[in-house]
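1. pasted the sequence and its predicted model underneath.
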Amino acid sequence: MTLSASQSHTEPLLDLRKISMRFGAKPDLAARISIALGIAKRPPVVHALDEVDLSIKRGEVLGLVGESGCGKSTLGRIAAGILNPSSGEVYWKGRDRLKLSGKALHDADLSAQMIFQNSMAALNPRMNIETLVAEAPAIHGLIKGNRGEYVDDYLRKAGFDPTMKRRLPHQFSGGQRARVNIARALAVQPDFLVCDESVAALDVSIQAQILNLFMDLREQLNLTYLFVSHDLGVVKHISDRVAIMYLGRVVEEAPVKEVYSRPNHPYTQSLLAEVPRIKPGKRRFEALKGELPSPLNPPPGCHFHPRCPHAHERCRIEAPLRKEIAPGHFSACHLNDRSVT
Amino acid sequence: MTPLLEVRDLVTEFPGEDGKPLRAVNEVSFQINRGEVLGLVGESGSGKSVTGFSILGLIDEPGRIASGQVLFNGDDLTRADAKTRRNLRGRRIAMVFQDPMMTLNPVLRIGVQLMETLHAHEKISRHEARARARDALGMVGIPSPEERLDAYPHEFSGGMRQRVAIAIALLHRPDLIIADEPTTALDVTIQAQIISEFQKLTELQGTAVIWITHDLAIVSSLADRIAVMYGGRIVETGDVFSVLETPSHPYTRGLIRSVPSENNQGGRLAQIPGVTPSLTNMPEGCAFRTRCERASEACRQQPAISGTELRYYRCFHPYEKANA
């Protein structure tokens, strides 16, 4: 936290501006003609992201929270450079990443790495641990000395016993495979890690080990994290700032203490009412009504209005803009205009 | 008063590769009264699900219940014949599983599956069955239940499917529901919805619930009593307050402290070193000793139960109440 505060004057490591992402089949010529003639319907388009602004400062941990289908993984992939957005701008260390080419693009790609949720699916089952970790740095010419030592070094950093590096991924537990994935991501010497639900599939005691590892690595290697998760407890623990997404939009963004003590957006408020805490004693679970609407056909105006207890006429028509309601605390809700007037 | 369900020294075994039986559930004893909620907590491989299956008699060959008793209203289910058990399952004891896509038949309409359950135990007309099925869907909060009876499982979202599974479990107003991680696959807001419906209905009907989960936070706000499993054994049990506020067993304590909480935000979590041992190389004696900071030579023996039937732990070096 002290790190991010002292460097807050510098330019952001990654700056995403008005990012939109749509998934859907592109109609070919015949299909376009039949659509124009009214014979065929337009193919469905998933509006995964809708003009999202997000910036990540060097050295900070940004938690990205939302329910499944809200677009948080898509945003994570764009941040990691795996996907290119349908529209919008991505600034990596102050330069437009979509316009980079050659060595500059190569470096940008290498310095942003991603750690996925399913550790088994992310590792080739036929390659042993050493090959898996050594592959990328060898291709990119990062290994100057002995290959084995290079791999051992990164496996040790991730808390994995290097004597077991000749074994195959299926011979390890989920927690060990998570460590291999972390070692592999670190082996190309990145500045920025996108962790997409990286601890979601792990048992509580193993999850604590991996979270501690993430925090140790951040201090040792001066890493920046985008931590994508649905687990509000985990995000609260590890993040400096938190961004909350709902159906393709970031509805609130603030430092972690601010968001958990003074949530502004009605969605954040209801989400935080469900933060898991160990507190004996029966309580009523007061649930938000309804479910996440389909991103195929998002509701007009504020995406949250069909489930919002405070929705009024304006919410149904006009999408609220992101506003700074306190220093560093952004929220997109029409109610904020009301309280001012 | 006899408890609704009493499990005594239950042992469930599966044959290992070398023919040596592996004990997935080892000398497990607990009881549950009418209307009570018991949280059965443990990490993967701790034997919590197999315990649930054993109660219902759902252990498939070559696995078997090697010894122990499952007393339901005083009758031993492990000795009951197939017909008696079949008559109880779904009617007096129901189960809700983690993945409703696996429990619901993908090629049958929801209505048919609900009515099938009714017809299995009651002689009622199709018309009446359909009406009850519709009411059951309405009860668990599914909008326009009449139309939804004709929908297929894939037309529902994950949360809605779990509601259907709960509706089926509640159809016969059972005395006991075994819920095996029913909200694990769901988003937080949907999870809260499901738990809230579940709580309302079970309280209304006076149903006892065994809530199997790895999530201590859910159990803490849902259960009356809690049983913590590790390596096939219940290592600690008691009422929620006493177990979570003054845990005696080092594993319970470690588990509670490894959950991210309000206090040490940004700091390091207290972690339990090592990994959960697999059934094939379970340590002799106390299964937790290889990861335990308090372990000593004595732990090579299996610690006996200390305490009463309702509040006990298995440990030679328990934490005292004062410094827990």
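-> Thanks, I have it.

2. residues of the stretch 101-250 of chain B that sit close to chain A?
-> B:157, B:159-160, B:187-193, B:195-196, B:199, B:214-218, B:220-224, B:240-241, B:244-245 (CB under 8 Å from any CB of the partner chain). For every residue, glycine as well, the C-beta is placed using N, CA and C.

3. buried ones only from these, please, as a PyMOL command.
-> In PyMOL syntax, the buried subset of these is picked out as below (16 or more other CB atoms under 10 Å in any protein chain shown):
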select buried, chain B and resi 159+160+187+188+189+190+191+192+193+195+199+214+215+216+217+218+220+221+222+223+224+240+244
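
4. where does the prediction get shaky in chain B?
-> B:262-264, B:321-324 (pLDDT under 70).

5. all helices for it, in order.
-> With helices called from DSSP state H, chain B shows them at B:48-56, B:82-88, B:100-103, B:110-121, B:126-139, B:145-148, B:158-170, B:188-205, B:216-220, B:240-245, B:250-257.

6. run through who's touching the fifth one.
-> Counting by CB atoms under 8 Å, 6 or more residues apart in numbering or on different chains, the neighbours of helix B:126-139 from elsewhere in the structure are B:110-111, B:114-115, B:118-119, B:124, B:145-146, B:148-149, B:163-164, B:167-168, B:170-171, B:201.

7. picking up where we left off before, let's have the helices of chain B in a markdown table, adding distance to residue A:285.
-> Below are the helices of chain B laid out as a markdown table (distance: least, CB to CB, whole Å):
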| stretch | distance to residue A:285 |
| --- | --- |
| helix B:48-56 | 22 |
| helix B:82-88 | 30 |
| helix B:100-103 | 19 |
| helix B:110-121 | 25 |
| helix B:126-139 | 17 |
| helix B:145-148 | 22 |
| helix B:158-170 | 13 |
| helix B:188-205 | 4 |
| helix B:216-220 | 9 |
| helix B:240-245 | 16 |
| helix B:250-257 | 21 |
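
8. residue contacts, residue 174?
-> Looking at chain A here, since you left the chain open. With CB under 8 Å, 6+ apart, residue A:174 has these contacts: A:119, A:120, A:201, A:202, A:203, A:206.

9. that's the wrong chain, I meant chain B
-> B:90, B:91, B:92, B:93, B:94, B:207.

10. swap in 7 Å and give it another go.
-> B:91, B:92, B:93, B:94, B:207 (CB atoms under 7 Å, 6 or more residues apart in numbering or on different chains).

11. what sits closest to it if chain neighbours are left out?
-> residue B:94 (4.4 Å; CB to CB, 6 or more residues apart in numbering or on different chains).

12. could you check how far the residue lying closest to residue B:149 once chain neighbours are set aside is from chain A?
-> Once flanking residues are discounted, residue B:149 sits nearest to residue B:111: 3.3 Å by CB to CB, 6+ apart. Between residue B:111 and chain A the computed distance is 21 Å (CB to the nearest CB, to the nearest Å).

13. ok, residue B:111 - contacts?
-> Contacts here follow CB under 7 Å, 6+ apart; on that basis residue B:111 touches B:130, B:133, B:149, B:150.

14. between those, which sits nearest residue B:78?
-> residue B:133 (32.8 Å; CB to CB).

15. and the residue lying closest to residue B:216 once chain neighbours are set aside, what pLDDT?
-> Leaving aside its sequence neighbours, residue B:216 sits nearest to residue A:278 (CB to CB, 6+ apart; 5.2 Å). pLDDT recorded at residue A:278 is 82.

16. neighbours around residue A:278, how many?
-> 20 (other CB atoms under 10 Å in any protein chain shown).

17. buried ones among the contacts of residue A:174?
-> Buried among these (16+ other CB under 10 Å): A:119, A:201, A:202, A:203, A:206.

18. quick revisit: among the contacts of residue B:174, name the ones in strands.
-> Taking DSSP state E, the ones among these that sit in strands are B:93, B:94.

19. is it possible to get CSV of the contacts of residue B:174 that adds neighbour count?
-> Putting the contacts of residue B:174 into CSV (neighbours: other CB atoms under 10 Å in any protein chain shown) gives the following:
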residue, neighbour count
B:91, 17
B:92, 16
B:93, 24
B:94, 25
B:207, 22
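
20. quickly note the distance from residue A:283 to residue A:268.
-> According to CB to CB, to the nearest Å, residue A:283 stands 20 Å off from residue A:268.

21. so for these two, which sits in the more crowded spot?
-> residue A:268 (23 against 11).

22. and that one, that's in a helix?
-> Yes. Assignment of residue A:268 by DSSP: H, G, I helix; E, B strand; the rest coil places it within a helix.

23. tell me who's in contact with it.
-> A:244, A:251, A:252, A:259 are the contacts of residue A:268 under CB under 7 Å, 6+ apart.

24. 8 Å instead?
-> A:244, A:251, A:252, A:259, A:331.
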